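Q: test case, fold it:
(chains A and B)
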Amino acid sequence: MDYKKYIAERLPVEGMTAEEVASLIACPPDPSMGDYALPCFKLAKVLRKSPAAIAEALCAAFPVGGVVSKAEAVNGYLNFTVDRAAMVRDILSEALSKGDRYGASDAGMGRVVCIDYSSVNIAKRFHIGHLSTTVLGAAIYRILNFLGYKSVGINHLGDYGTQFGKLISAYKRWGNREEIEKQGVSALNDIYVRWHKEAEAHPELEDEARAYFKKIEEKDPECMALFDWFKELTMKDVQKIYDLLDVRFDSYAGESFYSDKMGPVVEELREKGLLRESQGAQIVDLEAYGMPPCIILKKDGTSLYATRDMAAAIYRKNTYDFYKCLYVVAYQQNLHFRQVFKVLELMGKPWAKDLVHVAYGMVSLEEGAMSTRKGNVVFLEDVIDKCIEKAYAIVSEKNPDLENKEEVAKKVGVGAVIFGALYNSKIKDIVFSYDKVLNFEGETSVYVQYTCARARSVLQKAGGAAADWEMPAAIADEEFELAKAVAAFPDTVLAAAEKYEPCLIARLCVDVAQKFNKFYFDCKILSAETDALKNFRLALTRATLQTLTNALALLGIGVPEKM
RNA sequence: GCGCCGUUAGCUCAGCUGGAUAGAGCGUUGGUCUACGGAACCAAAGGCCAGGAGUUCGAAUCUCUUACGGCGCGCCA
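A: Model prediction:
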């Protein structure tokens, strides 16, 4: 039940609706002051009385009883204390009856949201710079589906551009088919790095690369065969990572997919009089909007990134008729997306307002920026392997008799990688360090998973909690705080979807886990004084486990039964 | 030069549409302990919320400004 609304409906404030009053209601900083509070300072202006007097008057008029057990005017605030038993009963029955669907809704009404994330580059190994987009996009995908939207995951493959000419040039010169077949993308990476080194001394390689790229564009059979092979190798390599992270896509239409779909876009721009020649290139002038021009066609008549993104947006609108289309791409590309969205708007696409750049911060190494070409990168596969290894070592030490240690170590290790990437606001830059990802203490997924294992262990010992339970006469602070944390989950999911911030869910996990551990420490569950109290606490434990399991699942993190 | 973003405890970060004494984790110091899983819990120390001005009854939160840092700014993606 909505307590704010309940309270607001019983507060007659002249000239304000119950909704407006409800929106003013907040939570006091200290629970001993009450559970809800109405600050009366804003009302003072409307009612032309002092806040303290208003609080007193409203307090006198408020019908105490039912779910609100106490109302008190303090320094211009009107504080309410709710009937804890009633509130906790509501929370638990909600969480337990909804089960796996606790926190879910159908508010999305099946509307389609396209999510462009991960965008793997062909012939490049997956490194930690690709982690944020992948894991953020996948989390948003799940969160939106949980709320009744229909997510469409799009891996906008980076499979077009002169670098593939370079790669073919490199392969023709130093490539060894068996070697590459065996080693996969890392072998491709090696010859690519070598090509750049050699090109410094032999600029003619650049021309050769350009010629090969032209052949790709002309669909030369030999070049296309090579290119498709590179693509296949890359996807095989990256699929291992996606499987570990449990990331899925509904479409792999990438840049090359749009290579023949840009003509109509350019034509439309020209027809609408948006195109202009400048220094030999075709541009859309955006000076009126405080932005540099958006280049549509190069001097040589070929297209660019922006042109392709516009073709892609139009294609997606036509294909999926999306309600929103999200681009989970680093903030580096801020200007690029602002330009593309603006040009689409100028083209008269009313849906241009539904395009959203979900920007996140950059990853660097302690020794500076990463660079595939220079070879200073940290590959995600290595990071995941190390995390799983460490998890395995700890599990073996703490719980040597566990039969499925590999499986547990995988959930713990992979969880740590995902959680680490999702725990902070996405806009923050990240300096990668092994010390940080390999730290399993404190505010981590491991702590949350451990809490779940503890809760499950208690439930198992109880032999499956009795399905029926009733409220005890008095609710302890620890029980109440835990129940409130559990109750915050549905709104947290909504906020995470609205702001495209999965970190809100990650932080809720830690909050619930902390409150559970406090409760667990202070309140005996199995040896509670009475059976009724025991059953109530078991219900609270079940609700906690359900909440944490649902929350972690949205982030893509599994919960081992034991660890 | 212009634009976008960031700046909160020693470190890494929370802080909801402005609201009552600014919160976590790590680290430090000291405790809990025959525990329903110690991968836990408790406590202490540690803050001029980058500086300044403004709006307001009230600002870490809104506006302006300065500093520092990151990113971007026509034929790469």
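
Q: what segments of the stretch 251-400 of chain A are helices?
A: A:263-271, A:305-320, A:334-346, A:380-398 (DSSP state H, counting those that start in this stretch).

Q: nearest to A:G148, of these?
A: Closest of the helices of the stretch 251-400 of chain A to A:G148 is helix A:305-320, at 16.5 Å (criterion: C-beta to C-beta). Quick note: C-beta positions are derived from backbone N, CA and C, even for glycine.

Q: A:Y360 contacts A:S132, doesn't it?
A: Yes: applying C-beta atoms under 8 Å, one finds A:Y360 in contact with A:S132, separated by 4.9 Å.

Q: what's the neighbour count on A:L365?
A: Counted by other C-beta atoms under 10 Å, the residues lying close to A:L365 total 16.

Q: and A:A391, by the same measure?
A: Neighbours of A:A391 under the rule other C-beta under 10 Å: 27.

Q: residue contacts, it?
A: If you count contacts by C-beta atoms under 8 Å, 6 or more residues apart in numbering, A:A391 has them with A:408-410, A:412-413, A:416, A:440, A:446.

Q: got JSON lines for those residues, with neighbour count, pLDDT and distance to A:R537 too?
A: Output for the contacts of A:A391, formatted as JSON lines (neighbours: other C-beta atoms under 10 Å; pLDDT from 0 to 100; distance: C-beta to C-beta, whole Å):
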{"residue": "A:V408", "neighbour count": "25", "pLDDT": "96", "distance to A:R537": "27"}
{"residue": "A:A409", "neighbour count": "23", "pLDDT": "96", "distance to A:R537": "31"}
{"residue": "A:K410", "neighbour count": "19", "pLDDT": "97", "distance to A:R537": "32"}
{"residue": "A:V412", "neighbour count": "27", "pLDDT": "97", "distance to A:R537": "27"}
{"residue": "A:G413", "neighbour count": "27", "pLDDT": "97", "distance to A:R537": "32"}
{"residue": "A:A416", "neighbour count": "25", "pLDDT": "97", "distance to A:R537": "30"}
{"residue": "A:F440", "neighbour count": "19", "pLDDT": "93", "distance to A:R537": "28"}
{"residue": "A:V446", "neighbour count": "21", "pLDDT": "96", "distance to A:R537": "25"}
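
Q: before we move on, the earlier item: and A:I430, which of the helices of the stretch 251-400 of chain A is closest to it?
A: Closest to A:I430 of the helices of the stretch 251-400 of chain A, according to C-beta to C-beta: helix A:380-398, at 12.5 Å.

Q: is the helix or strand just after the closest one up against RNA strand B anywhere?
A: With elements assigned by DSSP states H and E, the helix or strand that comes after helix A:380-398 is helix A:405-422. Yes: using C-beta under 7 Å from any atom of the strand, helix A:405-422 reaches RNA strand B at A:V412.

Q: which strands or helices does helix A:405-422 pack on?
A: Under the contact definition 3 or more C-beta pairs under 8 Å, 6 or more residues apart in numbering; DSSP states H and E, helix A:405-422 sits against helix A:131-146, helix A:221-245, helix A:380-398, helix A:434-437, helix A:445-461, helix A:503-522, helix A:531-555.

Q: against A:L508, how distant is the residue in the stretch 101-250 of chain A positioned nearest to RNA strand B?
A: In the stretch 101-250 of chain A, the residue that lies nearest RNA strand B is A:G161 (3.5 Å; C-beta to the nearest atom of the strand). As judged by C-beta to C-beta, to the nearest Å, A:G161 and A:L508 stand 41 Å apart.

Q: so which of those two has more stuff around it?
A: A:L508 (24 against 17).

Q: make sure the more buried one is actually in contact with A:A485.
A: Yes: the pair A:L508 / A:A485 is scored as a contact, 7.4 Å apart, by C-beta under 8 Å.

Q: can you give the domain ranges for chain A?
A: As given by automatic domain parsing, the domain ranges for chain A are A:3-82, A:392-424+A:439-555.

Q: what sits against A:V112?
A: A:149-152, A:320-323 are the contacts of A:V112 under C-beta under 8 Å, 6+ apart.

Q: how about the contacts made by the spatially closest residue to A:G361 that is not a sequence neighbour?
A: Spatial nearest neighbour of A:G361, chain neighbours left out: A:D429 (4.1 Å); criterion: C-beta to C-beta, 6 or more residues apart in numbering. Under the criterion of C-beta under 8 Å, 6+ apart, the contact list for A:D429 reads A:361-364.

Q: now do 10 Å
A: In this structure, A:D429 makes contact with A:330-331, A:360-364, judged by C-beta atoms under 10 Å, 6 or more residues apart in numbering.

Q: closest residue of the stretch 251-400 of chain A to RNA strand B?
A: For the stretch 251-400 of chain A, C-beta to the nearest atom of the strand, closest residue to RNA strand B: A:K298, 2.6 Å.

Q: make sure that residue is actually in contact with A:A306.
A: No: in this structure, A:K298 is not within contact of A:A306 by C-beta atoms under 10 Å, at 11.2 Å.

Q: the more surrounded of these two?
A: For A:K298 versus A:A306, the count of surrounding residues by other C-beta under 10 Å is larger for A:A306: 18 against 13.

Q: the more buried one and A:L335: what is the separation?
A: Taking C-beta to C-beta as the measure, A:A306 falls 10 Å from A:L335.

Q: what sits in contact with each of the two?
A: Common neighbours of A:A306 and A:L335 (criterion: C-beta under 10 Å, 6+ apart): A:C294.

Q: I'd like the average pLDDT over the helix or strand containing A:I91.
A: A:I91 belongs to helix A:84-98 when assigned by DSSP H and E. Across helix A:84-98, pLDDT averages out at 94.

Q: for RNA strand B, give me its nearest residue in chain A.
A: Per C-beta to the nearest atom of the strand, A:G442 is where chain A lies closest to RNA strand B, at 1.9 Å.

Q: give me the buried positions along stretch A:34-51.
A: A:34-40, A:43-44, A:47, A:51 (16 or more other C-beta atoms under 10 Å).

Q: not counting its neighbours along the chain, what's nearest A:D90?
A: Spatial nearest neighbour of A:D90, chain neighbours left out: A:M1 (5.5 Å); criterion: C-beta to C-beta, 6+ apart.

Q: which residues does the one you found contact?
A: Neighbouring residues of A:M1 by C-beta under 10 Å, 6+ apart: A:67, A:86-87, A:90-91, A:94.
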